[in-house]
Structure formats: structure tokens, C-alpha cells
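>>> With the sequence up front, the predicted model follows.
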Amino acid sequence: MTTLSDAIEALPLVDHHVHSILPSSISETEFIDAITEADHAFSRETAFDTQLGFALRRHCAPILGLPAFATGEEYLAKRAELGYEETTRRLLRASGISDYIIDGGYLPEQLLPVDEFMGLADATPHTIVRLETVAEAAMDGATSYADFLERLAASLAEKAPTAIGYKSVAAYRCGLDLAPERPTADELATAASDWFDLVQSSGSIRLVDKVIVRHLIWWALADEKSVLQIHAGFGGTNLMMETASPVLMQKLVAATQHTGGRIVFLHCYPYAREAGFLAHLYPHVYMDVGEALNYVGANAVGLVRESLDLAPFNKVLFSSDAWGLPELVYLGAKLWRDATSVVLGEYVERDGWPESEALRVATLTASGNAAVLYGRSF
Amino acid sequence: MTTLSDAIEALPLVDHHVHSILPSSISETEFIDAITEADHAFSRETAFDTQLGFALRRHCAPILGLPAFATGEEYLAKRAELGYEETTRRLLRASGISDYIIDGGYLPEQLLPVDEFMGLADATPHTIVRLETVAEAAMDGATSYADFLERLAASLAEKAPTAIGYKSVAAYRCGLDLAPERPTADELATAASDWFDLVQSSGSIRLVDKVIVRHLIWWALADEKSVLQIHAGFGGTNLMMETASPVLMQKLVAATQHTGGRIVFLHCYPYAREAGFLAHLYPHVYMDVGEALNYVGANAVGLVRESLDLAPFNKVLFSSDAWGLPELVYLGAKLWRDATSVVLGEYVERDGWPESEALRVATLTASGNAAVLYGRSF
Amino acid sequence: MTTLSDAIEALPLVDHHVHSILPSSISETEFIDAITEADHAFSRETAFDTQLGFALRRHCAPILGLPAFATGEEYLAKRAELGYEETTRRLLRASGISDYIIDGGYLPEQLLPVDEFMGLADATPHTIVRLETVAEAAMDGATSYADFLERLAASLAEKAPTAIGYKSVAAYRCGLDLAPERPTADELATAASDWFDLVQSSGSIRLVDKVIVRHLIWWALADEKSVLQIHAGFGGTNLMMETASPVLMQKLVAATQHTGGRIVFLHCYPYAREAGFLAHLYPHVYMDVGEALNYVGANAVGLVRESLDLAPFNKVLFSSDAWGLPELVYLGAKLWRDATSVVLGEYVERDGWPESEALRVATLTASGNAAVLYGRSF
């Protein structure tokens, strides 16, 4: 399968969901925090004794000039020796990613400005707007719930021209078991008023209201007729796995299918088959298994295979969902390439798929489907 | 593994859940509609860029005299050139299916009469009665809820002598989270009255009432002591995946285990492991992974493997769940044969199973278990 | 992969969740009952036509001096010929298990005393206390609900010094969808009073009260700062699969993470990925896929692979969950060794893992993680 895997290795990638990286050299503790989704501090031993840790030692070490499977300690020492810029540049450029669609809505104050990130990557950025972040910024400083709604509308209108799409983290905030209907103006006003009062009394701004989240989802799909990324499955401790399955949104998905908007379910672990079910049934649903590939490392083959069950091949995208570390960008790309080579190679060897057809399917996920979905030529 | 796979390739099959086919040559649009479960029209490109599309190009094209992986366009042209009868006859007869257990309850007015279908297939038909369809026909024209209940009882009694078993599509209508108890006469009367009134006021007859569905299920199992097929998992847009898992019926399954009736969960994607759990625990539960094999194509190996987790080997059946196209009949058979050869071949190679034992297990699923379940020698 | 698989074959094992065995020669019916989780009697044919039956014929037959894949009939005859002690001794000692952590809370009156069990095994026992059993014994003979609570506290205090950890079968009794908070003294008193009254009126003692179960869980974790084993997923007919997923306990898991107690989710079929999610996110969560390996036999590879998705490698343990038969002890060990060799061998061959690292990961699951979790050197 040399030809096919070589060709997949060489495919330019569009990373359709990613974040920027930390802005300077970091401590071991910060590094380790960035390779888990947990809140508690992993020991170095625990952090590297994971699929992600093993994948990092295997794939990233050689990019820094170490032998594969150098120890975690050796890796961190080499990283420090090369310095921030060299390490970052090597890893990002080795990923073969030409375009980054960047969600700047999660802790952006901790991250490198996008232009500097792209300079190190030698790549082109595109903007995803995280809806809950916009709503919280609109609430911060609002003088009344009506003021919040005005500020929200103005902020969304201001961001829309530069956004290639939007994102909702409903799974982190209120779960995906959302009612299908678009909230009425009255329902929205009531919800905004309740949230405003809660912010005043609690001093904490964190959007968890289902009505406001549904309003944001409907706005992106029906008013903007844009792409809406929706996090599903595996994530951090704020996320309740029980309410993070994409099928909980089936009625809302059905209700929005004629809006002109499109939905992409992100990551979806362990719900890739469920996401594929929706991608098969509804014309406006897409999916990826990004992020999860990094975390399951040597088991990435199984996830890539599941992503090719029911979803039409023109509905599956690539993403790394990296946050903070260039390693996570490179690994996202490398693990996707390797796992895709194994899965499609198996279809060629065992099921007689022509190599050209297998490569065409890989190319769709690498970049072609993103081009159609986001309406850009990358 | 030549011996084993050749032997599995040659096994006669009983397709224990299938529908008839469209009655004449069809347009490209109709063909494409029949190879998806979606409501919206797939483009030709999308329709063929799926696991089912690839499987069709790989396996069906040679049956029509084309090379494997002829394009979708070439396939449709060849299909038209050969004509309806020749295409149909070739595909059905290449399937190696000797007996078809036919659910005639889904859009039968669009399909070929069973005797003509069987003439083209050179095979023997058997009848499955879809319970919701019988109930809706009994409601259509009923003059009161009491009249409906009388008509229903009469219609069921009339159909029983020719039925080899029954089917419920509760997953499409009201979900599988059903109360376990048999409805009392009073509960049934109230539900029938409510449904009658709803039909009168809405003008639409579609059974979604859980009490009536439970009545039909109990009738088939406890009164008829027959086989009841229950659709689980993947299906069309009327089906909410959240309420389509067979484990939601666990209490009803437990409550009916001493009735003399048997339950077969059909298809079960992605819930094959859950169905196997029930098949292990309850003496009257069987399962298949039909239909899903067609839709996951080159990934069928994984589903066949999952179907052999917890279910005793004498509880797993074969079906195609084809509707409309002879291609779906042939693919159902071919993908089952190929995937079963891979899975059982792996058990032989890696786990030392004797080939004779592997072939015996394959034969059980191919036809032996259906013979015991339905009480017929096929 | 000879080196790696030989090394894994030779690893000493700590079986961190197991029960004793039946005390003397048994009938065919008793044997067959012990190789299913069902309540109904399997026929010999059905019992052996399962993954467990095939695994038993493959792996256990040679231990008794029969060829692999001797028939079930031959196996049972040989078992009788060798006699109870010889059969038991051979199978237990072939398992390579040095330490058994024994849950004596399920039908212990039917089983061999632990010292005799360990004599046949030539191994060291450790004690797990099943909390629901303690509570039921405290209720049996209590003169009031207050008396029950006193007896319960005294009994727990008495057992604590010899317990290496505790177990809850909440999944069998009330489901894992438990509120996170520790019950207050008032809530506990009310629940105890209600249960006491129910026992008086019904004559049956079976703990299914969620408040009391939560009290027991919090006691083990927060007061004892001990290890709490929690059954999840596949089990017998008292268990409703719908409420047996470990993610239903996510809030309770989160609430207990700073107590000093640790949680191990046992078996977890088909929820191993979900258990791994919790093991990744929470510092005090561990998991195994024991018992399920026996029941899926030749498919054990897939479960072992899933157990190495998200869970850090120092969070995954080995258990057999055997009850009644020495065959289930041996098979648990053998299937784990073989499946682990396949999975880790694949990581070595395909992903370049050093053999030494693969063996280190295997050793962690075999015994190292149990040593850390239970704070003993085995």
C-alpha cells in the first residue's frame, strides 16, 4: 500500500476546527495540562502513559530530532533546547495543513494572536465565532436584559462579515437535548431577563440557558444560513457525557434542515456512528472525529473506520481541535493520515477498492468537503 | 481460508426479513431514492459516494456484466440496457436465497406482487404481517372505536393462518421505551377511543399510540405464540434514534418470556451489542444485523463480529431488509457472506476454531436458526 | 511477536475482582447454569454454542488433557473423570494468578470457603466487602430503622479492618443514575425508616433504595477513603442495561473526587469507552473489562482495545469476575493474555511501540495498577 499511504501522507489538509497555541515557552506542568482534558494535574508519568503520550513520543520526537519513543523527560528537554519558535515552526509545518479554521472563543487571552500563529505555521487563517462567548461578552456590562439583547444582536452583526462559520458548545453548557423550535421573541425576552437577573445576583457570567442557546443556533442556521459547528461527545469535566450525544439533537436537526444553514458535529467520541446516522438522514449535517484521534492514538484506526459507516463520504471532515500546543496540531494531522491509510488500505486490499477511489475519498475528508461546506477554495 | 469462504459463499440463505421490489424499470431518481434511508433527494454523486454505493459498484456491477467498480453512471446505463426482468432475475438468483420471509406492510401498492417477485427469484415466499398496518386498515372506515376493535380482531384472525410471524415498527411510531404490562381491556378501549377521535378530527391515520402498539405486541406473543420482529436502531427520519435501542424494551422483553412467543430484534445499528445482551439473557430473544450491512458496506465485518459477542450462536439470523431493488437483496446476501467469512476465518486462523465448527456457526445464521425460530423446514 | 506474547503469557496476575467456586462436583445442569448470566436453563447445545462455550472448549480442554475443541459432552465427562480437586487445581494453577481479591457477598453459602479455594489455587486472598449485602444483613433482624442504622454502622466498622476495598451493585438494585450529594442524616433516617417498614410488610429484604445505596457509596469513599468497585454494564436479568452505564454516575463521580476514595468500574460492557472517559477526567477513577472477556471469547481483542482508548494506562486493571467455576478463572486470565498480546502486538508491529513499552503497559494491567490502587505489594 505504499502508493496510497504515500499519497495520503502528502495531501494538503484543511483543519476545520482548531485553536491557537500558547504564546511562549511553557513549564512542564503547563505542557502536561495541555495534553489532557482533565481539570486535575496529571503526573508526568500518567500524562505520558496514555495513548496521546505514546503518540507524542512516537510521532513528535522525530520532528524535534529525537529518536521515536524518546522518553517524556527527553522530549521536554529537547523542546526547551530548541526553543519556542523552532519547536513550533517545525511541528506546525510538518503537519501539512494549509488552512486553519480557528475558533478563537476559548481562553483567547492565553493564546498567541492569530497572525503570529499563522506566521509560524506558514498557513492561512479563517474565523469561527463561538456563539456562547459572544453572548457572554454582550451580557458583560449590559444594563438590562433588553440592553443585552441589543448588544448581542449588534455584536453578532459585527462579527458576521469575517466569520466563515459559528460554533456552539451547548454540550458543555446545557446538553444537546434541546427543543426543536426556534424560541419566540417572548420566550427569548423571558430567558434573557432571567439570565440578566442571575448574573446580577450571582456575579458570574456563564451561559447555560437552553432558550438562549437555541436562539443562537437558530440565528446562525436560519438567519445567517451559515455553518454551525456543534461539539458532541468527549470533552472536559463541564461536559456531561449523558447529554452529549448528537442524536439528542435529532429533532432540532430535522427542524433546521430547510433553513439553508449546515451543521457539523465535532469529535463525537464515542458517538461517531450516531453522528453518521444524522449525516446520512439530513442533507445539512456533516461530522468529524477530530480531537478524539489524538486522545486514542494507536486506536485511531477504529474511529476513522466508524466515521465511514453511514455518513456519505462527502460529509466527513478533518480537524485536529488542537488547543495550546503545536504537538496537538501535528498529531491530529499525522494520526488522521496514518489511520486513514490503514482503513482505506484495508478497503483496497480486502474489498477491491481501486486505489484512485480510495485516494479520492481521503482527499474529500482532507480538504474537498471543507471547501464545499464553507464555500471557499482553500 | 479458501475452503471456509467457498463453503460460506455456497450456503443457501433464508432471508427472514425482506420486502418486495419495484415492479418495473425505474428512473435514476427512483433508484437513488431506494439506496438511502433519507427523505431528501441525494445527488447521484452523494448516493454513490457512500459505503452502499461503493458496495453496489463492487458487487452488483459484475452480476450485470460490468467490471467491478464501474461508475454509477455506467451501472445505471447497463441496468437500463439489460431491462427490468433480466437485471432483476440475475441479481435475485445470484443471492443464493432460497426462501424469503416477506413483510408486505410497507408501501405494498408500489411493489411487485409477491408471486411475480418469487418467480423472478425462483424462490419460496413466506408471510410476515406488519401489525401497525393491520391496525391502520382496521381504523380506516371504522364507525366507532368499538367497531375499530372488532375490525382489528377480525382482521388479525383472518391473517393469522397464513402468517409465519408478525412485525412491529414501534421504533418508528412511539419508541421502544414501552411499559411492560399487557394493556387491560379498559386501557385498550380508552386508547382506541382516543385514536378514533384523533383520526376523525385530523383526517390522518397513523398509529403512534403506545397502548395500542403494546396490545398488538402482546397479541402476537401471548395469544398467537408467534414470532414478532421488532425494528431497532437505524431507519428513516421518522425514527428517533434516542428511543430505538432494544434495551429500552428490556422490561417488556422480560414480561413476555413465558408467553410462548419469540422476539427478533431487526438490524439494531448501532445497538447490536445491546441486542446480543437481550438474546443472551432471555430465552425467546433473537437478533439480526440485516439492512445495516448494506449501509456500512466495507465495514460490515465489524457488525457481523459484534453480532457474535453475547448472543448464543443459535439466536442470530440473516436478513437483507431489502425494499424496492434487487440490488439490495443481492448485496445483503453478498456482504453477509463476505463479512462472515472474514470474521469466522479470523476465529479459525487466530483462535484455532476448527473450520467445520466455523461453517456450522455460519450455517446456523444462514438458515438453521430461522428454521427453528419459525418452525419450518426451508 | 513471540517475545512479547511469551512475556505476557508469563506475567503473574492479580485478579482484582473474583468470587469463590462451587465446593464439589456438580451436575451438568449446574455447570451450564454457571456459564451463563441468564435465569433460564440453557440447553447443553445452546450453552456451548456461545463465545464462552467455544473459548472453554478451546482453552480449558487441553488443561484437562483433552484436545482443543473437544465437544462439550467430552469435556464434562473428562471433568467428572478427573474429579473435583484435580480439575480445580489444574485450572486455577494454570491461570498464573498469584492474588485473588474476593467479593464474598454473592451467594457465599453456595461456595467453597476462601481458605480452601486458595489452597487449591496456591494463591493469596484479599477481601472485598459487598455493601448491599452488609446492609441487608443489618436489616435482617433489626427491631427498628434506628436499630438497623446502628447495626449497619457496627457491621461496617467490624469489617473494615480486613477489607482491601468495597463493592456496590447499585446497577442491579437501583441503576447508576444516582444523585451526587451525600445523603443528610435526615434523608438517611427517612430512607431507612421506609425500607424497614417495607421489609416488615413485604417480608422480603432486598435493598433497592437509592438513598441508602448512596450512603454506602459515600461511606466507603469519604469515610473509609477506600477503593469502591462498582459493577457497570452486562450482568444478569435483575440489571436494566439502560441504567447501567457508568456515565450516569458522572456527577457523583465528580462530587467524590476529593474524598480520598477511589472508584473502579467493573466489566463495563458495552460501556468500556464511557468508563475510559471517566478514568481520563477524574483522578480517582479506574476500570476493567473483566467478565465481559469471558463472555465475548474470540472477540475479546476488541474489548481490550477499547479499554486502552481514553483511560491512562495506569488506570486499567485485570479481573476475571469468575463465580462458581475454576474454568471462569482460567479463561479470564487466558483470554486477557491472548487479547492483550494481539492488541499490544499490533501497536508494536503497526505503530512502532517498543516491545519493552508494550510489556510495561501489560504489566501495569496485570498487577502493577492493582498494587497502587489497593496499596499493597502483591
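Cool, the structure landed.

>>> CA atoms for contacts and neighbours, from now on please.
Will do.

>>> check contacts around A:Leu373.
Shown in contact with A:Leu373 (CA atoms under 8 Å, 6 or more residues apart in numbering or on different chains): A:Val227, A:Arg262.

>>> Let's see that with 10 Å instead.
A:Leu373 sits next to A:164-165, A:226-227, A:262-264, A:284-286, A:314-315, A:317 when contact means CA atoms under 10 Å, 6 or more residues apart in numbering or on different chains.

>>> ditto for A:Phe69
Per CA under 10 Å, 6+ apart, neighbours of A:Phe69: A:53-62, A:75, C:352-354, C:357.

>>> Equivalent analysis for A:Ser193, please.
Counting by CA under 10 Å, 6+ apart, A:Ser193 touches A:Ser144, A:Tyr145, A:Ala146, A:Phe148, A:Leu149, A:Glu187, A:Val199.

>>> and it, which of the three is it?
Three-state call for A:Ser193 (DSSP: H, G, I helix; E, B strand; the rest coil): helix.

>>> Is any residue of the longest helix belonging to chain A near chain B?
Longest helix of chain A, by residue count under DSSP state H: helix A:326-351. Yes. Judged by CA under 10 Å from any CA of the partner chain, helix A:326-351 and chain B are in contact via A:Val343, A:Leu344, A:Glu346, A:Tyr347, A:Val348, A:Arg350, A:Asp351.

>>> Top of those residues by number of neighbours, please.
Highest neighbour count within those: A:Leu344, with 28 neighbours (other CA atoms under 10 Å in any protein chain shown).

>>> pretty sure that residue is in contact with A:Thr363, am I right?
No. Using CA atoms under 10 Å, A:Leu344 is not in contact with A:Thr363, being 11.7 Å away.

>>> quick one, strands of the stretch 201-350 of chain A?
For the stretch 201-350 of chain A, the strands defined by DSSP state E, counting those that start in this stretch occupy A:227-232, A:262-267, A:285-288, A:316-317.

>>> out of those strands, which comes closest to B:Asp103?
Set against B:Asp103 and scored by CA to CA, the strands of the stretch 201-350 of chain A come closest in strand A:285-288, at 31.3 Å.

>>> Run me through the strand neighbours of that closest one, direction for each.
Paired strands of strand A:285-288, with direction, are strand A:262-267 (parallel), strand A:316-317 (parallel) (DSSP bridges).

>>> among the ones you listed, which is nearest A:Glu9?
Relative to A:Glu9, the nearest member of the strands paired with strand A:285-288 by CA to CA is strand A:316-317, separated by 16.3 Å.

>>> So for the closest one, mean pLDDT?
Regarding strand A:316-317, the rounded mean pLDDT is 98.

>>> which residues touch it?
A:13-17, A:264-266, A:276, A:279, A:285-290, A:304, A:307-308, A:361-370, A:373.

>>> Try it again at 7 Å.
A:Tyr286, A:Met287, A:Asp288, A:Thr365, A:Ala366, A:Asn369, A:Ala370 (CA atoms under 7 Å, 6 or more residues apart in numbering or on different chains).

>>> So what touches the host helix or strand of A:Glu132?
Using DSSP states H and E, A:Glu132 sits within helix A:131-139. Residues outside helix A:131-139 that contact it (CA under 7 Å, 6+ apart): A:Gly105, A:Phe148, A:Arg151, A:Leu152, A:Tyr166, A:Lys167, A:Ser168, A:Ile205, A:Arg206, A:Leu207, A:Leu216.

>>> Tell me the one of the residues you listed nearest C:Glu37?
Taking CA to CA as the measure, C:Glu37 sits nearest to A:Ser168 out of those, at 43.3 Å.

>>> hang on, isn't the closest one packed against A:Val227?
No. Here A:Ser168 lies out of contact with A:Val227, judged by CA atoms under 7 Å, at a distance of 10.8 Å.

>>> follow-up on the earlier one: now the element after the longest helix of chain A, going C-ward?
Helix A:326-351 is succeeded, C-terminally, by helix A:355-363 (DSSP H and E).

>>> That next one packs against which elements?
Counting contacts by 3 or more CA pairs under 7 Å, 6 or more residues apart in numbering or on different chains; DSSP states H and E, helix A:355-363 is packed against helix A:2-9.

>>> Distance from the chain centre to the helix it packs on, please.
25 Å (CA atoms, centre = their mean, to the nearest Å).

>>> That helix vs helix A:355-363, what angle?
Interaxial angle of helix A:2-9 relative to helix A:355-363 (axes from the mean of the first three to the mean of the last three CA atoms, to 10 degrees): 20 degrees.

>>> And helix A:2-9, what does it pack against?
Packing partners of helix A:2-9 (3+ CA pairs under 7 Å, 6+ apart): helix A:326-351, helix A:355-363.

>>> Would you convert those helices into JSON lines that also reports distance to A:Ala220?
Output for the helices and strands packed on helix A:2-9, formatted as JSON lines (distance: least, CA to CA, whole Å):
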{"stretch": "helix A:326-351", "distance to A:Ala220": "27"}
{"stretch": "helix A:355-363", "distance to A:Ala220": "28"}
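
>>> Could you say which of those helices is packed most deeply?
Burial of these is given as mean neighbour count (mean count of other CA atoms under 10 Å in any protein chain shown); helix A:326-351 ranks first at a mean of 23.

>>> Alongside chain B, which residues does chain A contribute?
Applying CA under 7 Å from any CA of the partner chain, we find that chain A lies next to chain B at A:247-248, A:250, A:273, A:280-283, A:309-310, A:312-314, A:347, A:351.

>>> Among these, which one sits closest to C:Ile32?
The nearest one, if we look at the residues of chain A next to chain B relative to C:Ile32 and count by CA to CA, is A:Arg273, at 36.0 Å.

>>> that older thread, for the helix holding A:Glu132, what is the distance to the chain centroid?
Worked out by CA atoms, centre = their mean, helix A:131-139 lies 19 Å from the chain centre.

>>> Next up, the contacts around the closest residue to chain B within the stretch 151-300 of chain A.
Residue nearest to chain B within the stretch 151-300 of chain A: A:Leu281 (4.4 Å; CA to the nearest CA). Listed by CA under 7 Å, 6+ apart, the contact set of A:Leu281 reads B:Glu37, B:Ala38, B:Gly236, B:Thr237.

>>> May I ask which two of those are separated the most?
Spatial extent of the contacts of A:Leu281 (CA to CA) is set by the pair B:Glu37 and B:Thr237 at 7.6 Å.

>>> More neighbours: these two, which one.
Remark: of B:Glu37 and B:Thr237, B:Thr237 carries more neighbours, 20 against 16, as counted by other CA under 10 Å.

>>> Report the separation between A:Val342 and chain C.
A:Val342 sits 9 Å away from chain C, going by CA to the nearest CA, to the nearest Å.

>>> Please read the previous query as pertaining to A:Leu252.
To chain C, A:Leu252 is 24 Å away according to CA to the nearest CA.

>>> Spell out which residues sit in contact with the closest residue to that residue other than its chain neighbours, please.
Nearest in space to A:Leu252, with sequence neighbours left out and distances taken as CA to CA, 6 or more residues apart in numbering or on different chains, is A:Pro180 at 3.9 Å. By CA under 7 Å, 6+ apart, the contact set of A:Pro180 is A:Lys251, A:Leu252, A:Ala255.

>>> Show the buried residues in those residues.
Taking 16 or more other CA atoms under 10 Å in any protein chain shown as the criterion, what is buried in the contacts of A:Pro180 is A:Lys251, A:Leu252.

>>> sorry, back to before: can you say which of the strands paired with strand A:285-288 is packed in most?
strand A:316-317 (a mean of 29).

>>> So what's the gap between it and the chain middle?
That offset, for strand A:316-317, works out to 12 Å (CA atoms, centre = their mean).

>>> Just the C-alpha atoms of stretch A:332-350, please, in CSV.
The C-alpha atoms that make up stretch A:332-350 are tabulated as CSV, following Å, rounded to 0.1, in the frame of the first residue of the first chain:
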residue,chain,number,x,y,z
GLY,A,332,-4.1,15.5,14.6
ALA,A,333,-2.8,15.5,11.1
LYS,A,334,-0.4,12.6,11.4
LEU,A,335,-2.8,10.3,13.2
TRP,A,336,-5.5,11.1,10.7
ARG,A,337,-3.2,10.3,7.8
ASP,A,338,-1.9,7.1,9.3
ALA,A,339,-5.3,5.8,10.4
THR,A,340,-6.9,6.8,7.1
SER,A,341,-4.1,4.9,5.2
VAL,A,342,-4.8,1.8,7.2
VAL,A,343,-8.6,1.9,6.8
LEU,A,344,-8.6,2.8,3.1
GLY,A,345,-5.7,0.4,2.5
GLU,A,346,-7.9,-2.3,4.0
TYR,A,347,-10.7,-1.5,1.7
VAL,A,348,-8.3,-1.7,-1.2
GLU,A,349,-6.7,-4.9,-0.2
ARG,A,350,-9.7,-6.8,1.1
